[in-house]
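Undergrad: predicted coordinates and the sequence they were generated for:
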Amino acid sequence: MRGIVKRFPGVLANDRIDFDVRAGEIHALLGENGAGKTTLMNILYGLYRPDQGQILLNGRAVAIHSPADAIRLGIGMIHQHFMLVPTLSVAENVALGLPSSRGFLLDLDVVTRRIRELSNVYGLRVDPTAMVWQLAVGEQQRVEILKALYRGADLLILDEPTAVLTPQEVRELFATLRRMAGEGHSLIFISHKLHEVLSISDRVTVLRDGRVVKTLPTSEATREELARLMVGREVLLRVERSPVELGDVRLSLKDLWAHGDKGVPALRGVTLAVRAGEILGIAGVSGNGQRELAEVIAGLRTPSQGQVEIDGMDTTGWSPERLLKHGLAYIPEERMRDGVVRDFSVEENLILKDHVDRPFASGIFMNFGTIASYADRLIENFDIRTPSRDAPLKNLSGGNIQKIVLARELSREPRVLVAAQPTRGVDISATEYIHQRLIAQRAKGTATLLISEDLDEILNLSDRIAVMYEGQIVGVVDQREATVEQLGLMMAGAHKV
Amino acid sequence: PSAPSPTPMPTATPTTPPKPFRVAVVMPSAINDLAFSQSMYDALVAIQNKMGKDKFEFAYSDGMFVVDDAAAAIRDYATKGYDLVIAHGSQYGSSLVEIAPDFPNTSFAWGTTVDTFTDKGINNVFAYEARSEQGGYVLGVIAAKLSKSGVIGVIGPIETGDAKLYVDGFRAGVLATNPDAQVNVNWTGSFSDVALASEAAQTHINAGADTLTGTAQMVVGAIGVAKEKGVLWFGTQSDQASLAPNIVVACQVYDWTVVLDEMINLIKGGTRGGKAFAITLANKGLTIKYNPGYTVPDDVKSLASETIQGIVDGSISVKVE
Amino acid sequence: MHKGVARGTRFRPFIGSLFWALTPLYATVLALLVGAVMLLLLGVNPLQAYSAMVSGAFGSSNALADTLVKATPLLFVGLGICIAFRGGVLNIGGEGQLVAGAVAATAVALSLSHWPGWAIIPLCLTVGFLAGAIWGGIAGVLKAYLNVNEILSTIMLNMIAVQGMNFLLRGPLMDPMQVEAGSFIPQTARFSVTTDLPRLVPTRLHAGTALAVLLAVLVYIFLWRTTIGYRIRAVGLNPDASRAAGINVERYMMLSLILGGALAGLGGAVQVLGLHHRMFTDGSATGFTGGAGFNGIVAALFGKLHPLGTIPASILFGALIVGANQMQRAVQVPSSFITALNGLVVVFVVGSDILSRRRARRAVGQA
Amino acid sequence: MIAQLFSLTTLIGVLTAGIRLATPYLYATIGETLGQRSGLVNLGVDGIMLMGAYAAFFVTFKTGNLVLGLLVATMVGGLLGLVMAFFSVTLRAEQGITGIGVYLFGLGMSNLLFRKTLGTVETVSGFPPIHIPFLSDIPVLGPIFFSHNILVYGAFALVPVSWFLLNKTTLGLKIRAVGDNPKAADSLGVSVAGVRYFTEIVGGMLEGIAGASLSIALLNVFQENLTSGMGFIAVALVYFGGWRSVGALAGAILFSMVNALQLWLQVIGIRIPPDFAIMMPYVLTIVVLAFTAQRVRAPAALSKPFERGEG
Ligand SMILES: Nc1ncnc2c1ncn2[C@@H]1O[C@H](COP(=O)(O)OP(=O)(O)OP(=O)(O)O)[C@@H](O)[C@H]1O
Ligand SMILES: Nc1ncnc2c1ncn2[C@@H]1O[C@H](COP(=O)(O)OP(=O)(O)OP(=O)(O)O)[C@@H](O)[C@H]1O
Ligand SMILES: [Mg+2]
Ligand SMILES: [Mg+2]
């Protein structure tokens, strides 16, 4: 890619970028949220037209006007935001757009068989006949990877593929990627996790503010160096957790049962308690009931059995409104669906839960002056990168959208916080910042239930760690005693010994 | 119909002395609806043919089912100096009562109704109506005679106004002739739903009817069914024989020229309104037109003539409910 | 820096944006050109036809008044559409809601004819508002609690309202004089003059038009300055996030249909009190509404679902209908030509929207 | 009187009429369903039906050739579908308004042409009922199911055909994907515009046939506004049917049967005001849906124009 320039309203997303990938190479692309990584890859895949610049493939200038062109040229892409049709089955999503072995008739049985083979070979657990809308985010990610594997691209773009995978799955994916590279495929790998980049890639290109800062062989790079290149300053890669005096039980779950979207029990008798000043981490492969657990606590899903208590009060079956008035904050796992209103402005999103309360409203009228200064303050405090508080939220990068959710929830001074995947897709400096905020909130006495698939995050932040498997808590360990290996085993279904 | 096209509004008519008499009409449905609006349009064409284009001009706005559009049209025609502006739809009355006082030198006519607004101090509005129950009665008599099953089906739009008069008259005529006959009435709730009218006809036939009648522009659908199933049809408002030459027995045909001629004469004589007219069997504004393609037995024909005579001389009075 | 240059550079974007803002107008002209070809085929001089159209819509105080009178129900319905569509529901029930409001106001106007105007007019308007709210609310309850799609229910409710109107107007509400005269015209008696909305100037223009404009401002404030409006918009844009944020999604969906219906119902009441002074039927809703229940949707969408944008959009449509009818009279084309021409204008204008949208995006991109 | 309501004649009458009346709704509803499954709302169905009805009638009237009439109606419908697609897909115009514009155009144009080319109401002899040996002669069932013309059978055959197209073919998969997540389909090289043009043109063709089924098979006349709003009911039935062919069938049959039933109620002389009888199909359609509606979600991209590269 030569001299790529791409402008969006108010943003220069790619500024004269030169970028190349060699055959058989795994090339990592790094950069903070909004640095322009996805934009660059979307241009390569024909989703965006560059304002300037050209793309050369095997030395030949090519015109890529659409994904169809890209696919024809042997380019595949795993998108950061899933490109799945929720109402179709996994097999149908994979078969979409491919020629069928039976002409115009669908050959889903053939596709299903092929998917099963691929899942076995690459260790990507997924049921080809399941409907995509019923899948957990992690499973959806696996479907995305399967789609690309099924098509067998020469050049494969992976835009944050590991954000929702377990360590084991990441290891398996990396094995796959290495094998592909060994077979001569080229791979572009985007991740915010530096250790992944260091372990998988051959070369690294770092972007900042739409410009290439540096391209270097991975062997010459260190974590600290990469972090500095991305952010332009030193970054703390580990948060300091000072001991906090534990208070009373704030959140208590007693024998919770609930149905998932598939109609089968997703929670099967969960009992947990979180105290004031404590972060309880929930580890587990996605799809084991974490989403349902968070939704039950947030009042978005009715449990079939059991109780939720907040501050000793039985809140089972309360409406979300009553719960949030009662001091519950919720950072949902699917932020674009459950957390924000895309077409609202940044400012409007920041008051989504408080707009009827003083001082943001008097009677039914909203106080725009107060709201504006409040929004400006949160934008500054939480370092939200946005052209203005009036900008439509949908134009912000993923990390910044996550900061908006976080800013809103934490500013409500919650007594209980349910944080699901709070740093998924968020860059290292924002992750650092979010972690600091969660720790600060802990110091203020908030009881936090942290649901994450990122074991580093769980180990860094939690006081205690509970592992979920098939709707049950298979064990709770103290952070000081926990190891990655042990947790990984428990996540795969082995009970604590 | 191969009628001469109406004269567009003259932009620069040379003012040769005998100024033509100018009429404008505003109508709810289309001039070719084989029903209510067409009957008025045909009458105006007939008068123009009779008087000559230089002596009689007319303009029309059809499809004016939106009442406030019709009101605008009425006002506009009055502004343009037409001698007579006809509001050919009972729903236009409330507009007329507001417009007429603003144009004291223009005559208006409102149909079909009997109200000339004289009680409101307005004296430039004529009223006209069709006593469609009269022809309805006559057709009912014929139908009762021709029906073998004694079951007769009627298809109407909504049970109001002209349609109600016709249906009531028809039913009275049937029952007066054959008290044992069964008259089934089906209202479709619309003037234009051809498909429903067709289904209504099917329903009547399935229920044993061998003779049908109906009113409003939608009945073309019913006539089609009658033709296919070979049952008899009686029409009203316009001559519908062309649609099914084998089974249309007779139609009550509206001829507004009687009323229009009178209005024109009155206006020329300086009277601008205040009088209510009706087309009736007596004044030949209503005629029973037999379909030449269908032979009606002579005894039935003479019974029908007697009935007409009776209605004309008042010995038969057609009561509506 | 030269002064002239500075002024020029500031002036040119203004001219530019003005040029693009007028895109709907060019599209209308284009549609009229196609119409001109049709006119020629019909043997009519297009120039004569179109000059009649323009003078019919704007040529005199009466013409202007007719245009505004025509625009009024479009604006009422359009404002309701702004609320409903912002709340994520597609209200196709304007026709039925207009009828419901009009019939209810009629019943009150007829039964309390001895009341003074200052009391009866607000009462009739309120009753019309409420009747529309109920008619919209039925669709709202069906959607929120029984999962019945609002497009289906509002289309069906339109038909049901018409039949209800027919029943009342040929029965309980029929003008006693009609029964007496035996003519059975399905209309009510004229209301007492105390119920007449005041006329603003000596034309057909009545106070209902001013009320509609006032309401446009209120709806704007409602949608963008109040917490209820905020919630309606949030629910319309993302029901999942709204639910998670503690908003009762079902209730606000229902509310947006209720308010949409209420504004249309108020429009119906204004039509009878301001224009017809009685209720009548030709068997369909259109005879009374003039299709405002549908055209109001078009006006609101032309106005970008913004209450203030809906004002000029309604006037544009009112002018188009009034002017086209005048053209029909002037050159004696069948009224079906006018209907077809309206369709062309609608399609061309909405098709041209892409030009102004592209332009807007590029303008932001350069900023 | 009540006994008559439950007689065999009534039953046969209602069922036969229900099947007959359902025909235009089936064509139009399935046509619209196809478009909606790919994300396009077309409120212009009634206008397209009117143009189809006129075209079929005119051609048949002039040539006496029913098949030619049907063919031309199909083409006219397809052409208007193409226009709809051009505005909704290529120009990304607001679909609701485009549809209303197409409706007005079809309503006006069909009548204008009718007036200029025919002048007055005429009749043709349309597709005759097909007598199927043996089947048509079965008592009760014969008249109900086997006494109809070819277009009636065509409408019912369309139900499994369209179901098969949507669920068992690669094209159907593309249609469903494009209606639910055009971005995803696009990212796999599926031409969103191509698929939408296809469904809208085929949908238009079916709506043209729906019109023809009125003017040259069921009614055999043409008149101004022949459909009198059937196209809008057809759109409503798409929602009733939950975007499925079988649902469309259920809706069309229910609506038509109840309509036939209310005509019977009037004929039999059951003493309710006709206005309430006429309301029945509309009320019952809502009531039935209220009791049966499952959580069927509309195609997620319904009525949303697709543009690549938008956030
Ligand atoms: N469709 C769009 N419209 C407007 N602005 C956009 C659009 N897509 C991206 N941007 C802007 O372009 C910039 C680069 O975005 P991009 O998605 O490429 O970042 P990224 O490096 O992938 O970030 P992240 O790590 O958060 O995914 C951001 O400022 C973003 O807000
Ligand atoms: N402008 C404002 N108007 C009304 N309320 C405000 C405003 N600013 C802040 N608040 C309230 O005060 C609380 C704390 O706000 P803020 O976001 O400044 O705190 P914080 O960032 O958590 O503080 P710190 O940075 O000291 O930890 C918020 O939850 C909010 O309810
Ligand atoms: Mg990205
Ligand atoms: Mg990201």
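TA: Happy to help now that I have it. Ligands and ions are numbered 1, 2, ... in the order given.
Undergrad: going by C-alpha atoms from here, please, whenever you check contacts or count neighbours.
TA: OK.
Undergrad: tell me who's in contact with residue A:80.
TA: Shown in contact with residue A:80 (Cα atoms under 8 Å, 6 or more residues apart in numbering or on different chains): A:38, A:158, A:159, A:160, A:161.
Undergrad: phi first, then psi, for the third one.
TA: Residue A:159 adopts backbone torsions of phi -90, psi 100, taken as degrees, to the nearest 10.
Undergrad: which residues does it form beta bridges with?
TA: Taking DSSP bridges as the rule, residue A:159 bridges to residue A:190.
Undergrad: and it, how many neighbours?
TA: By other Cα atoms under 10 Å in any protein chain shown, the residues close to residue A:159 number 23.
Undergrad: show me what contacts it?
TA: By Cα under 8 Å, 6+ apart, the contact list for residue A:159 reads A:38, A:77, A:78, A:79, A:80, A:188, A:189, A:190, A:191.
Undergrad: farthest pair in those residues?
TA: A:77 and A:191 (14.2 Å; Cα to Cα).
Undergrad: so which of the two has more stuff around it?
TA: Neighbour count, other Cα under 10 Å: between residue A:77 and residue A:191, residue A:77 has more, with 28 against 24.
Undergrad: what about the host helix or strand of that one, near ligand 1?
TA: Residue A:77 belongs to strand A:75-78 when assigned by DSSP states H and E. No: if you take Cα under 6 Å from any ligand atom as the test, strand A:75-78 misses ligand 1, and the best it gets is 12.8 Å.
Undergrad: and that strand, what does it pack against?
TA: The contact analysis (3 or more Cα pairs under 8 Å, 6 or more residues apart in numbering or on different chains; DSSP states H and E) places strand A:75-78 against helix A:137-151, strand A:155-159.
Undergrad: give me the distance from that strand to the chain's centre.
TA: Distance of strand A:75-78 from its chain centroid, counting by Cα atoms, centre = their mean, to the nearest Å, is 19 Å.
Undergrad: name the residues that touch it?
TA: Under the criterion Cα under 8 Å, 6+ apart, residues A:45, A:70, A:144-145, A:148, A:151-159, A:161 lie in contact with strand A:75-78.
Undergrad: that one: what's the following helix or strand?
TA: helix A:90-95.
Undergrad: show me what that next one is packed up against.
TA: Here helix A:90-95 touches helix A:108-122, helix A:137-151, going by 3+ Cα pairs under 8 Å, 6+ apart.
Undergrad: try it again with 6 Å
TA: Of the remaining helices and strands, none touches helix A:90-95 by 3 or more Cα pairs under 6 Å, 6 or more residues apart in numbering or on different chains; DSSP states H and E.
Undergrad: any idea of the mean pLDDT in that helix?
TA: Averaging pLDDT along helix A:90-95 gives 95.
Undergrad: get me the contact residues on chain C for chain A.
TA: With the criterion set to Cα under 6 Å from any Cα of the partner chain, chain C comes near chain A through C:225, C:226, C:227, C:238, C:240, C:241, C:245, C:246, C:364, C:365.
Undergrad: so residue B:277 sits in a helix?
TA: No: counting by DSSP: H, G, I helix; E, B strand; the rest coil, residue B:277 falls outside a helix, being strand.
Undergrad: dump stretch C:223-234 to CSV, keeping only the CA atoms.
TA: Only the C-alpha atoms of stretch C:223-234 are listed here, as CSV (Å, rounded to 0.1, in the frame of the first residue of the first chain):
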residue,chain,number,x,y,z
LEU,C,223,-38.6,16.1,21.2
TRP,C,224,-35.4,17.9,21.8
ARG,C,225,-35.8,19.7,25.1
THR,C,226,-37.7,17.4,27.3
THR,C,227,-36.9,14.1,29.0
ILE,C,228,-39.9,12.4,27.4
GLY,C,229,-38.8,13.4,23.9
TYR,C,230,-35.3,12.3,24.7
ARG,C,231,-36.6,8.9,25.8
ILE,C,232,-38.8,8.6,22.7
ARG,C,233,-35.8,9.2,20.5
ALA,C,234,-33.6,6.9,22.5
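Undergrad: a helix runs through residue B:119, doesn't it?
TA: Yes: read with three-state DSSP, residue B:119 is one of the residues of a helix.
Undergrad: and the helix or strand residue C:253 falls within, what does it pack against?
TA: Residue C:253 is part of helix C:249-270, with elements assigned from DSSP H and E. In terms of contacts (3+ Cα pairs under 6 Å, 6+ apart), helix C:249-270 is packed against helix C:61-86, helix C:94-111, helix C:117-146.
Undergrad: kindly recompute the last result at 7 Å.
TA: With contacts defined as 3 or more Cα pairs under 7 Å, 6 or more residues apart in numbering or on different chains; DSSP states H and E, helix C:249-270 has these neighbours: helix C:61-86, helix C:94-111, helix C:117-146, helix C:227-237, helix C:239-244.
Undergrad: need the residues that contact that helix.
TA: C:73, C:76-77, C:79-81, C:83-84, C:87, C:89, C:91, C:94, C:97-102, C:105, C:124-125, C:128-137, C:140-141, C:144, C:208, C:232, C:235, C:239, C:242-243 (Cα atoms under 7 Å, 6 or more residues apart in numbering or on different chains).
Undergrad: for the stretch 51-200 of chain B, which segments are assigned as strands?
TA: Assigned by DSSP state E, counting those that start in this stretch, the stretch 51-200 of chain B shows strands spanning B:56-61, B:84-88, B:107-111, B:125-130, B:151-156, B:182-187.
Undergrad: parallel or antiparallel, list what pairs with the second one.
TA: Under the criterion DSSP bridges, strand B:84-88 sits next to strand B:21-26 (parallel), strand B:107-111 (parallel) in its sheet.
Undergrad: kindly reformat these as CSV containing mean pLDDT and mean neighbour count.
TA: Listed next are the strands paired with strand B:84-88 as CSV, based on pLDDT from 0 to 100; neighbours: other Cα atoms under 10 Å in any protein chain shown:
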stretch, mean pLDDT, mean neighbour count
strand B:21-26, 95, 22
strand B:107-111, 93, 27
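Undergrad: that's all I had, so thanks and see you.
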